[in-house]
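Student: Starting from these lines, generate the structure:
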Amino acid sequence: MEFAPISAARNHDSGELRFHWCAPADSGQQSATEKYRVGELDFDGMVAFAQEADRLGVDSLLMGIAHYMPDPLPLIGALVRETRDVTFILAYRPGLLSPTLFTQVVNTISWMSDGRIALNLVAGISPVEQAYYGDFVAHDGRYARTQEFLQICHRFWNGESPLTHEGDHYAIRDAELGLGYQGKGRPEIYLSGASEIAKETATMYADCWLRYGDTPEGIEAAARPVLDKGTRVGIRMHVLARATREQALADLAAMQENPDQAHRAWVEKFVAASDSEAVKTSFRLAAQADDDWLSPMIYSGFVPYRGGPALCVVGSYREVADYLYSYRAAGVGEFIFSGWPTRDEMRIFYTHVLPLIRERERGGGPA
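Tutor: Reported below is the predicted structural model:
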């Protein structure tokens, strides 16, 4: 099917690597090995975080979804009114809302934010967690539902009205939406997952296939079929950059002091119940790492505490910049990062590392 164009206000064609950040559910954990903060919402801290991201020139903030986190939809609705330029990537799971209502909500936020909304569709990573929401569809069935969901959303964004659909997962009759997407476009769409059906879904309905990190060599092999079909590739990782490698390694060691083993056991139990190929792949990579180093630049020791996104690029500002630039040759065009503490690491990355990457892109070689 033909896609509606991406909203002109958010269409990026510069050819530069794009760097996003993952917004915390609070002001951010201080350590990579402490338990998640649950049972409270530091909204003032989130506003301050988003406003600093705005000032730093962060492309987009990923607003995650999980049962232990606040729901991202109302948060984005509030945060777009507290910021001016940063885009918010809404992580959401098909099956929680009907595609008609979901499109209506996204269209509304596009008008509230001047098009500063993108989507990260996640089919789900755990049957146990999906059951919390009354969803008992198995892994491949969730992706089949995601395909049907996105097909309907694209039809709305293409201007089809009234819209009738009879499918395996959704039945819609003569649907009309009075408010279209701002600018008559649609949001950028990221599709997460490492399985073959996830990649297939991304090439059919998304702009960018998003997966957890790996070495450039590992990513290149997995990404080639997606790139060959014209879909962009992005990876989700952590980063720890300091003025010197010695300081980076010292800070890495400090984060491992007094780890919360009860939290590690909770993560292990959650992962054991997961049917996500992305989650399984990241834990396999961590298990295969040599003394917790997947490569001389990628530390895997935090994966047991933080899951798949916690593969962490570690080094000096220049080392990190050069290593991230090397992913270009593997076809990677975008990164979504986190750090510990995540607000401090965001400031470090955009102040000290990103300028070095832009220097490389302008033709300046590594020091």
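
Student: Pull up the distance across stretch 235-252, start to finish.
Tutor: 21 Å (Cα to Cα, to the nearest Å).

Student: What residues of it count as buried?
Tutor: 235-242, 245, 248, 252 (16 or more other Cβ atoms under 10 Å). (C-beta placed from N, C-alpha, C; glycine too.)

Student: Show only the entries of these found in helices.
Tutor: 245, 248, 252 (DSSP state H).

Student: Now tabulate the residues you listed in JSON lines and tack on pLDDT and distance to A265.
Tutor: JSON lines is the format used below for these (pLDDT from 0 to 100; distance: Cβ to Cβ, whole Å):
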{"residue": "R245", "pLDDT": "98", "distance to A265": "32"}
{"residue": "A248", "pLDDT": "98", "distance to A265": "29"}
{"residue": "L252", "pLDDT": "95", "distance to A265": "23"}
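
Student: who are the neighbours in contact with Y92?
Tutor: Taking Cβ atoms under 8 Å, 6 or more residues apart in numbering, we find Y92 in contact with 65, 72-73, 102, 119-122.

Student: 6 Å - rerun?
Tutor: I65 (Cβ atoms under 6 Å, 6 or more residues apart in numbering).

Student: hmm, back to that, got CSV for the buried residues of stretch 235-252, with distance to A91 too?
Tutor: Below are the buried residues of stretch 235-252 laid out as CSV (distance: Cβ to Cβ, whole Å):
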residue, distance to A91
I235, 15
R236, 11
M237, 16
H238, 17
V239, 20
L240, 23
A241, 25
R242, 29
R245, 33
A248, 29
L252, 27
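
Student: and which of these is nearest to Q51?
Tutor: Distance to Q51 across the buried residues of stretch 235-252 (Cβ to Cβ) is lowest for V239, with 21.2 Å.

Student: What's opposite that closest one in the beta bridge?
Tutor: V313 (DSSP bridges).

Student: That one contacts G315, doesn't it?
Tutor: No: judged on Cβ atoms under 6 Å, V239 makes no contact with G315 at a distance of 9.2 Å.

Student: Is the residue of the chain positioned farthest from its centre part of a helix or strand, or is it coil?
Tutor: Going by Cα atoms, centre = their mean, the residue of the chain most distant from its centre is D174, 33.7 Å out. Three-state call for D174 (DSSP: H, G, I helix; E, B strand; the rest coil): strand.

Student: and it, what does it touch?
Tutor: Counting by Cβ under 6 Å, 6+ apart, the residues that D174 touches are 162, 164.

Student: And S110, by the same measure?
Tutor: 117, 181-182.

Student: before we move on, what about C312?
Tutor: Taking Cβ under 6 Å, 6+ apart as the test, what C312 contacts is 238, 240, 299.

Student: pLDDT weak spots in the protein?
Tutor: Within the chain, the segments meeting pLDDT under 70 span 1, 7-14, 25-31, 365-367.

Student: Export the longest helix seen in it to PDB, keeping only CA atoms.
Tutor: Longest helix in the chain by number of residues (criterion: DSSP H): helix 139-157. Extracted C-alpha coordinates of helix 139-157, given in PDB (Å, rounded to 0.1, in the frame of the first residue of the first chain):
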ATOM      1  CA  HIS A 139       4.100 -13.600  19.400                       C
ATOM      2  CA  ASP A 140       3.500 -14.000  15.700                       C
ATOM      3  CA  GLY A 141      -0.100 -13.200  16.000                       C
ATOM      4  CA  ARG A 142       0.700  -9.900  17.800                       C
ATOM      5  CA  TYR A 143       2.800  -8.900  14.800                       C
ATOM      6  CA  ALA A 144       0.000  -9.900  12.400                       C
ATOM      7  CA  ARG A 145      -2.300  -7.700  14.400                       C
ATOM      8  CA  THR A 146       0.300  -4.900  14.300                       C
ATOM      9  CA  GLN A 147       0.300  -5.200  10.500                       C
ATOM     10  CA  GLU A 148      -3.500  -4.900  10.400                       C
ATOM     11  CA  PHE A 149      -3.400  -2.100  12.900                       C
ATOM     12  CA  LEU A 150      -0.900   0.000  10.900                       C
ATOM     13  CA  GLN A 151      -2.700  -0.700   7.600                       C
ATOM     14  CA  ILE A 152      -5.800   0.900   9.000                       C
ATOM     15  CA  CYS A 153      -3.800   3.800  10.500                       C
ATOM     16  CA  HIS A 154      -2.200   4.500   7.100                       C
ATOM     17  CA  ARG A 155      -5.600   4.400   5.400                       C
ATOM     18  CA  PHE A 156      -6.800   7.100   7.800                       C
ATOM     19  CA  TRP A 157      -3.600   9.200   7.100                       C
END
